[in-house]
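> give the three-dimensional model of this entry:
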Amino acid sequence: MTYGSGNSGDYKKLKGQTIQVIDTDPVVYEGTWATGGAMNTGRFNTASGFGTQTAGAVTGGQTPADDYTDNVEEYNGTSWTEVTNTSRDKFASSNSTGTQTAGLLCGGYVEPASANVNSTEEYDGTNWTSGGNYPAAVAQGQLVGIQTAALFASGVLPPGLVGECNTYDGSSWTEIAEINTSRKLGTIGGGTTTDAVIGSGLNASNGLLTNTETWNGSAWTEVSEMNTGRKGGSSSQNGVSTSVIAVGGDSPPNDSLVNTEIWNGTSWTETNDLSQKRGFSQGAGTGTLALAMGGNTGPGGNPAILTATEEWSFPSTPVVQEGQLWIKTATGTSSVMKGYQAQGTGAWATGGSMNTARFGNRNAGTQTSAITFGGNTPPFSTLNELYDGSSWTEVGDLNTARDNSGGLGISTAALAVGGNAPSRLAVNESWNGSAWTELGDLNTARKSLAAAGSSTAAIAFAGDTPPVSALNESWNGSAWTEVGDMNTARQLLMGGGTSTSALAVGGEITADSALNESWDGSAWTEVGDLNTARRDGAGAITNNSTGIVFGGTEPKEAKTEDWNGSTWTEVADLSAAVASHGGNGNSRLALKAAGDVSGRVTTTEEWTVPFATKTIGTD
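Okay, here's the model as predicted:
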């Protein structure tokens, strides 16, 4: 195939595709996990990992007998070998970084009294020697960098948390600026002493954080939230701050996680999951080549302590995004067709049933980590359930029973806004992963509204006040402010996205509507209509450029429609026509929960769009 020489080909005329040149446009890689060699000794409780994927090391932690250990193992890319023990007592909850032949260990708990220590130790691949002591006896913080230039942030200093950060120069520690949000059990981070990132963990009230902060060498800055808050996860401490992975962890009260997220310097993106749930595990490597080893499958019951290792790697060629045709232009006269990734045919499949049938519930989160809350059972309900990708678990209830509220956020940081109980509500509740808390109310009580954004930056729009409304309110984490109204008042609409990029789809005006409006952070604009007018369905909408809507209407509807930023396309139907159900996720991986089929149901359906990549050829 010949598409022209260098950049001269008229690629724009290849209809129906987004054409990008790899030389100048971003390349998308998609990493995957593969099974590695098993450790000799299973361990958990944030034992310390360091090194690379082919030259890694792990030390300390708690064993299946719940004993602390000083055992050290090294990994050669295939198998683990037991080597020299540490010079300190048996320990856990320590912090480590560096390489297999130049490792650094700091703080933690030691047996027999589980007391905090401030000792620092350096590893040369054979022996451990004492380094300069840390200024305080701290555990459960985050250590990044190398043996001679490391950064330690926050952690536990009984009786509470500390926000202080220190840098290590190979012999002594120096205190620098404090982090904005003190935390423990974060263990998500990477970078250097002048350019680092940390995220997640528990705050001083043991609330689960999605908060991320970056360090520029002089100050910490709060930036984008993680998609899934966690404690006791692991990460790639080495490498650069613009390529870090967050792996596993616990998201109370749910089981340990398989979720993996990758940080690109600006935001976190959920990517391919681990094959094994792991909480309080160890990590090593970089954002592109890493190890996840050990951990447990808890919490609760008798969680297994793992020896299993998984290896995180990227392909040698990019995985292009759906609907894109990529051209690799070479210096000189030739151009090479690198490959084409077609969007596969999406389909709905049966997921795990909920515990309680209901309709009018609202969802938040991803396909494998979701929450659904409220609804009508009857009567109006406070019930709250979490989904882990296979089963639902009942957790802490809402404070105010309701249905037809606005729902948004992720499974560990969500909002339930307004609703019907049976009077219209202004009540706003925030979920932190374990409990709901009432926060600032809407300015205008309403039911059958839609919402978009995160638990700290959101919008709530439309609904029944009465009458049907075009009102739009913006949430900054503490209060609601009225902002630009929609063009057309409606209720029972489908909506989603972010606080600055959202869609308001369909709904009821005086009859079912196909109207679609796009929000850019300041104003609503009418854009392409649905093919099938509907109300009281659900959506999985990422922003105003991509998303799906499904179900809804009376008589009930099974149709799913996909939005590409300009038009809606009908795709595969749900297995059963349904209305007044919960929905969350994105246009590739979505979830439908409960609703009204021929009565209240507990059914869950999962939407998946496969990808297929192939090489086309050269000119």
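
> relative to Ser236, how far out is the closest residue to Arg490 other than its chain neighbours?
Distances taken as C-beta to C-beta, 6 or more residues apart in numbering put Gly507 closest to Arg490, at 3.7 Å, once the chain neighbours are dropped. (Each C-beta comes from the backbone N, C-alpha and C, glycine too.) Distance, Gly507 to Ser236, by C-beta to C-beta, to the nearest Å: 44 Å.

> now the residue positioned nearest the centre of the chain: which helix or strand?
What sits nearest the mean C-alpha location of the chain, by C-alpha atoms, centre = their mean, is Asn227, with 2.5 Å. In this structure, Asn227 is located outside every helix and strand according to DSSP states H and E.

> now stretch 131-144: buried residues?
131-132, 134-144 (16 or more other C-beta atoms under 10 Å).

> for stretch 258-266, that is, sorry about that
258-263.

> Glu557: which of the residues you listed is nearest?
Checking these against Glu557 by C-beta to C-beta gives Asn259 as the nearest, at 31.7 Å.

> report the rounded mean pLDDT for stretch 107-121.
Averaging pLDDT along stretch 107-121 yields 84.

> need the residues that contact it.
48, 60, 67-68, 86-95, 104-106, 128-139, 141, 152, 155-158, 168, 173 (C-beta atoms under 8 Å, 6 or more residues apart in numbering).

> can we see that at 6 Å?
68, 88-95, 105-106, 128, 131-134, 136-139 (C-beta atoms under 6 Å, 6 or more residues apart in numbering).

> gap between Asp124 and Thr99?
Distance from Asp124 to Thr99, by C-beta to C-beta: 10 Å.

> higher neighbour count, the two?
Thr99 (19 against 13; other C-beta atoms under 10 Å).

> show me what the helix or strand where Glu74 lies pairs with in its sheet, parallel or antiparallel.
Per DSSP H and E: Glu74 is located in strand 72-75. Sheet pairing of strand 72-75 (DSSP bridges) gives strand 56-59 (antiparallel), strand 80-83 (antiparallel).

> mind putting those strands into a markdown table with mean neighbour count?
Putting these into a markdown table (neighbours: other C-beta atoms under 10 Å) gives the following:
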| stretch | mean neighbour count |
| --- | --- |
| strand 56-59 | 28 |
| strand 80-83 | 15 |
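
> out of those strands, flag the one nearest Ile179.
It's strand 56-59; of the strands paired with strand 72-75, that one is closest to Ile179 (C-beta to C-beta) at 25.7 Å.

> and the closest one, how far from the chain's centre?
The chain centre lies 27 Å from the centre of strand 56-59; the measure is C-alpha atoms, centre = their mean, to the nearest Å.

> rounded mean pLDDT for it, please.
93.

> so what touches that strand?
In contact with strand 56-59 (C-beta under 6 Å, 6+ apart) are residues 48-51, 72-75, 86, 100, 282, 284, 291, 293.

> ok, now stretch 234-244?
97, 144, 187-191, 195-197, 245-247, 263, 265, 281-283, 285-287, 290, 292.

> among those, which ones are buried?
Applying 16+ other C-beta under 10 Å to the contacts of stretch 234-244 flags 97, 144, 187-191, 195-197, 245-247, 263, 281-283, 285-287, 290, 292 as buried.

> which ones are touching Val578?
Val578 neighbours (C-beta under 6 Å, 6+ apart): 551, 556, 595, 597.

> can I get the residues you listed in JSON lines with distance to Met354 and neighbour count?
What follows is the contacts of Val578, written out as JSON lines (distance: C-beta to C-beta, whole Å; neighbours: other C-beta atoms under 10 Å):
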{"residue": "Gly551", "distance to Met354": "16", "neighbour count": "29"}
{"residue": "Lys556", "distance to Met354": "18", "neighbour count": "21"}
{"residue": "Gly595", "distance to Met354": "10", "neighbour count": "31"}
{"residue": "Val597", "distance to Met354": "13", "neighbour count": "20"}
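
> pLDDT and distance to Glu222 added to those, as TSV?
Converted to TSV, the contacts of Val578 look like this (pLDDT from 0 to 100; distance: C-beta to C-beta, whole Å):
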residue	pLDDT	distance to Glu222
Gly551	97	37
Lys556	94	44
Gly595	97	37
Val597	94	44
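
> out of these, flag the one nearest to Asn40.
Gly595 (50.0 Å).

> hmm, the closest one is touching Gly582, no?
No - with contact defined as C-beta atoms under 6 Å, Gly595 does not reach Gly582; the gap is 7.3 Å.

> ok, back up a step: ok, so of the buried residues of stretch 131-144, who is nearest Ala349?
Gln142 (38.5 Å).

> now the closest one. Nearest residue, chain neighbours left out?
What sits nearest to Gln142 in space, not counting adjacent residues and going by C-beta to C-beta, 6+ apart, is Gly189, at 4.4 Å.

> run through the bridge partners of that neighbour.
Ile198.

> ok, it - contacts?
142, 144, 197-198, 235.

> same deal with Gly583?
363, 538-540, 592.

> same list, those, but as a markdown table with secondary structure and neighbour count please.
Formatted as a markdown table, the contacts of Gly583 follow (DSSP: H, G, I helix; E, B strand; the rest coil; neighbours: other C-beta atoms under 10 Å):
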| residue | secondary structure | neighbour count |
| --- | --- | --- |
| Asn363 | strand | 28 |
| Ala538 | strand | 29 |
| Gly539 | strand | 29 |
| Ala540 | strand | 26 |
| Lys592 | strand | 28 |
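
> which of these sits closest to Tyr387?
For the contacts of Gly583, the nearest to Tyr387 is Asn363 (8.8 Å; C-beta to C-beta).

> correct me if wrong: the closest one contacts Gly582.
Yes - under the contact definition of C-beta under 6 Å, Asn363 touches Gly582, with a separation of 3.5 Å.
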